[in-house]
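Visitor: Okay, predicted coordinates and the sequence, questions at the end:
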Amino acid sequence: MPLTRETPLTDLPGVGPARGKKLEKLGLRTLGDTLNHLPQRYEDRRECCALQDAPQDRPCCVSALVAETPRISYVRRGLSLVKVKAVDGTGTVYITFFNQDYIREVMRAGESYVFYGVVERQGNLFAMTNPVFEREGAARFTGLIMPVYPLTAGISNNLLAGLTRRAVDECLDGLPEVLPAQVRKAHKLCQTQFARKNIHYPADFEELAIARRRLVFEELFVLTCGLAQLKDRRSAGKGRTLESAPEDFAALLPFAPTGAQRRAMEDIAADLRSGKAMNRLVQGDVGSGKTAVAAFGAWTAAKNGVQCALMAPTELLAEQHARTMEALLAPAGVRAALLTGSVKGTEKKALLAALARGEIDLLVGTHALFSQGVEYRDLGLVIADEQHRFGVAQRAALAEKGGAVPPHVLVMSATPIPRTLALIIYGDLDVSIMDELPPGRTPVSTFTVGEDKRQRMYGFVRKQVGEGRQVYIVCPSVEENSGGWEDGPGMDLKAVTAYARQLQEQVFPDLRVGFVHGKLKSKDKEAVMAAFAGGTLDVLVSTTVIEVGVDVPNASLMIIENADRFGLSQLHQLRGRVGRGKHQSWCVLVSSSRGETARERLKALCATTDGFQIAEEDLRLRGPGDFFGKRQHGLPQLKVADFAADLELLKEARAAAEELIAADPELKKPSHRLLKRRVRELFEENAELFN
Ligand code: ADP
Ligand code: MG
């Protein structure tokens with residue numbers, strides 16, 4: 001029987017049922033599957049040397065004749081050695097294998113083998129330890145660029161390499177091509193067969209690069225085709241027509257909107273009156289005034305007699321938004337209410353009833369806004385604030401809450417989304433950029449200090465308070481769900497609490513110190529925040545609950561303890577809590593870390609206040625996995641592409657995808673059939689979107 005891509009791996013020699021199970025764990029069932037199991041890295045095993053010329057500092061291949069039968073010795077329980085002597089024309093090499101007893105059975109005196117490993121030189125003698133080896137002429141594991149695969153227990157790299165070798169040698173014919181010919185031509189991409197062969201077994205690194213480029217493009221192309229399709233369908237979707245005039249709204253604001261705010265509001269007004277469903281992202285750095293733009297949306301909805309839901313990532317922020325919206329919009333007759341996880345019992349019942357009757361125009365809250373049992377009378381607009389995880393899937397789920405006509409969607413983005421990722425995560429949205437801060441802001445001066453400056457720093461706190469300002473002191477805490485960031489080991493809650501008490505009792509007995517953390521009851525949290533916002537607290541000690549959105553313009557100093565434990569973007573978000581008013585503001589990063597990279601990172605933050613630049617740096621340092629936490633962006637996991645490294649290709653693939661989807665929105669052409677299937681497979685978890 002000839003091998004095909006459908007051949008089960010268990011039909012192959014060396015793969016029994018037990019190994020078959022283990023391979024399945026890697027997602028490998030058929031020979032064709034192994035073509036998609038891509039190497040993690042490669043080992044260049046092409047260099048072949050005589051013993052005499054072997055380099056000392058790197059492995060190479062040596063071809064030598066085994067000169068005696070391998071000898072085994074048992075050193076102690078769990079440690080056996082197989083020793084072999086081999087010769088080439090230039091010397092003798094003594095080879096030792098640890099715990100590989102089988103070698104005694106397979107290696108024959110008088111036969112030639114190729115050994116791959118580091119050749120150590122001891123005087124005139126040579127030695128190798130645990131080299132890779134095979135019969136001369138086999139060229140399966142030596143004399144080539146060897147792929148190194150992701151493995152699982154019980155599956156060796158050699159086994160996998162053997163399987164991919166067979167797949168590459170025997171099953172590439174007729175491999176269907178997912179990329180349309182004109183796309184491949186326009187972007188100078190190699191054929192799928194070439195790419196598959198050379199991603200596993202490249203003849204050289206140039207070919208590998210050509211293969212990789214094609215596969216990265218393919219992956220990003222399929223992904224962006226899916227996103228373009230989503231966008232296309234959404235924009236075709238009907239929406240309620242809502243009329244509004246930004247000038248009328250501006251009269252409600254206590255300040256004149258910035259140009260950027262005006263433009264964002266105009267964009268939104270145009271979307272809302274277009275008769276199509278709005279899907280817009282407003283992206284702007286911390287402090288650019290996104291809240292006012294959100295309020296404009298809510299106001300428009302209310303004026304047109306439909307309801308608006310405003311979702312914030314934390315209860316704290318939801319509470320603050322509820323206060324702000326109330327103050328701003330109540331005079332215009334907008335009825336706002338707050339729904340968080342802590343609203344319970346009869347209070348909640350009454351609220352839900354009022355919502356269902358349409359007596360609430362604006363419901364502010366956390367994701368509780370969309371939990372079961374929350375029925376809107378007529379939900380016309382959903383606003384998601386500071387939600388860098390409010391991805392494609394969540395937005396799709398939302399569309400259902402609006403009944404027959406999906407609600408308009410407005411996403412206010414937390415800044416630290418590198419452009420690269422924003423292209424993907426928000427690839428299906430229209431974008432308004434707010435690139436202007438309200439007038440009169442001075443940039444926050446940022447600096448790092450070590451423990452030795454602690455007393456001086458406390459002195460500075462007192463000085464600021466003396467001038468009527470307020471101060472945040474932030475500690476990392478493991479207890480905190482800080483909105484998607486991995487904090488790394490932080491202080492535990494007890495330590496944070498103790499630190500706050502110590503500050504109050506020993507350091508600042510004369511100042512009014514408050515304390516807030518995520519585990520506090522919502523009412524207490526709100527009380528502390530209200531006290532700080534109202535100026536009856538001088539110092540607020542807090543965990544990262546204040547990371548996003550909190551707005552107290554009188555606060556002019558932020559101290560961040562153990563700053564090296566935070567991601568750069570998170571630090572930038574935290575820092576954005578100060579410098580929101582007219583006062584000169586400071587951010588002090590306390591770090592006792594002597595690590596080079598920790599210092600480097602913090603320095604980057606001292607050097608710039610551009611959130612985008614910081615986000616790119618953060619992405620570069622931490623990679624997208626850490627950036628969002630595993631899969632929290634709700635997008636498919638990518639196999640080949642690397643968001644940080646492949647930005648240019650991403651742009652190319654995206655442009656190509658948009659062009660293709662514009663010409664064939666539903667991928668109906670026969671030549672797009674495979675592409676259509678791949679898009680659906682990629683978005684498997686949201687497959688219904690593509691059916
Ligand atoms: P963010 O974009 O980070 O959500 P906010 O909406 O919280 O920013 O606004 C930050 C601060 O700037 C708030 O105190 C807000 O009242 C103030 N603000 C917003 N827009 C303006 C403006 N056009 N002029 C003056 N102050 C403004
Ligand atoms: Mg905000």
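Guide: Structure's in. What do you need? Residues are numbered from 1 along each chain as shown. Ligands and ions are numbered 1, 2, ... in the order given.

Visitor: When you work out contacts or count neighbours from here on, use the C-alpha atoms and nothing else.
Guide: OK.

Visitor: Tell me the residues of this structure that contact ligand 1?
Guide: 255-258, 286-292, 438, 549, 551, 553, 580 (C-alpha under 6 Å from any ligand atom).

Visitor: right, and the pair among the residues you listed with maximum separation?
Guide: Ala256 and Gly549 (20.5 Å; C-alpha to C-alpha).

Visitor: So for those two, which residue has more residues nearby?
Guide: For the pair Ala256 and Gly549, the greater number of neighbours falls to Gly549 (26 against 13), based on other C-alpha atoms under 10 Å.

Visitor: Kindly state the pLDDT recorded for the more buried one?
Guide: Model confidence at Gly549, given as pLDDT, is 64.

Visitor: repeat for Phe566
Guide: 81.

Visitor: What backbone torsions are found at it?
Guide: For Phe566, the backbone dihedrals (degrees, to the nearest 10) come out as phi -100, psi 160.

Visitor: What's the separation between it and ligand 1?
Guide: 19 Å (C-alpha to the nearest ligand atom, to the nearest Å).

Visitor: what sits up against stretch 371-380?
Guide: Residues outside stretch 371-380 that contact it (C-alpha atoms under 8 Å, 6 or more residues apart in numbering): 240, 301, 306-309, 352, 355-358, 401-402, 406-408.

Visitor: should've said stretch 314-322
Guide: Counting by C-alpha under 8 Å, 6+ apart, 311-312, 336-338, 340-341, 364-366, 483, 522, 525-526, 545-546, 548-550 sit against stretch 314-322.

Visitor: go on, stretch 450-461?
Guide: Val471, Val507, Leu557, Val590, Ser591, Ser592.

Visitor: Compare those residues and tell me which is most surrounded.
Guide: Within the contacts of stretch 450-461, most neighbours by other C-alpha under 10 Å means Leu557, with 29 neighbours.

Visitor: which stretches of the chain have low pLDDT?
Guide: For the chain, applying pLDDT under 70 flags the ranges 234-235, 387-403, 414-423, 425, 478-494, 547-549, 622-637, 643-644, 684-691.

Visitor: Gln504: what secondary structure?
Guide: Here Gln504 is helix, with the state taken from DSSP: H, G, I helix; E, B strand; the rest coil.

Visitor: Can you tell me how far the closest residue in space to it that isn't next to it in sequence is from ligand 1?
Guide: If the residues on either side of it in the chain are set aside, Gln504 comes closest to Val513, at 5.8 Å by C-alpha to C-alpha, 6 or more residues apart in numbering. Distance, Val513 to ligand 1, using C-alpha to the nearest ligand atom: 22 Å.

Visitor: follow-up on the earlier one: list only those of the contacts of stretch 371-380 flagged as buried.
Guide: Buried residues within the contacts of stretch 371-380, defined by neighbour count using 16 or more other C-alpha atoms under 10 Å: 240, 301, 306-309, 352, 355, 358, 401-402, 406-408.

Visitor: Pull out the buried residues from the contacts of stretch 314-322.
Guide: 311-312, 336-338, 340, 364-366, 483, 522, 525-526, 545-546, 548-550.

Visitor: mind listing which of those are in strands?
Guide: Judged by DSSP state E, the buried ones among the contacts of stretch 314-322 include Met311, Ala336, Ala337, Leu338, Val364, Gly365 as members of strands.

Visitor: contacting residues around the fifth one?
Guide: This points to Val364. Contacts of Val364 (C-alpha under 8 Å, 6+ apart): Ala309, Leu310, Met311, Ala312, Ala318, Glu319, His321, Ala322, Ala336, Ala337, Leu338, Leu339.

Visitor: From the residues you listed, pick the one nearest Val84.
Guide: Among the contacts of Val364, and counting by C-alpha to C-alpha, the member closest to Val84 is Ala312, at 67.8 Å.

Visitor: List the contacts of that closest one.
Guide: Contacts of Ala312 (C-alpha under 8 Å, 6+ apart): Ala318, Val364, Gly365, Thr366, His367, Ala384, Asp385, Glu386, Gln387.

Visitor: the longest strand in the protein is where?
Guide: Max-length strand for the chain by DSSP E is strand 79-88.

Visitor: what's that strand in contact with?
Guide: Against strand 79-88 from outside (C-alpha under 8 Å, 6+ apart): 50-51, 63-75, 92-101, 103-104.

Visitor: next structured bit after the helix or strand hosting Val541?
Guide: Here Val541, judged by DSSP states H and E, is contained in strand 539-542. Sequence order places strand 555-560 as the next helix or strand after strand 539-542, per DSSP H and E.

Visitor: helices or strands up against the helix or strand that that next one is followed by?
Guide: Note on strand 555-560: by DSSP H and E, the next helix or strand toward the C-terminus is helix 568-575. Packing contacts for helix 568-575, counted by 3 or more C-alpha pairs under 8 Å, 6 or more residues apart in numbering; DSSP states H and E, involve helix 596-607, helix 611-628.
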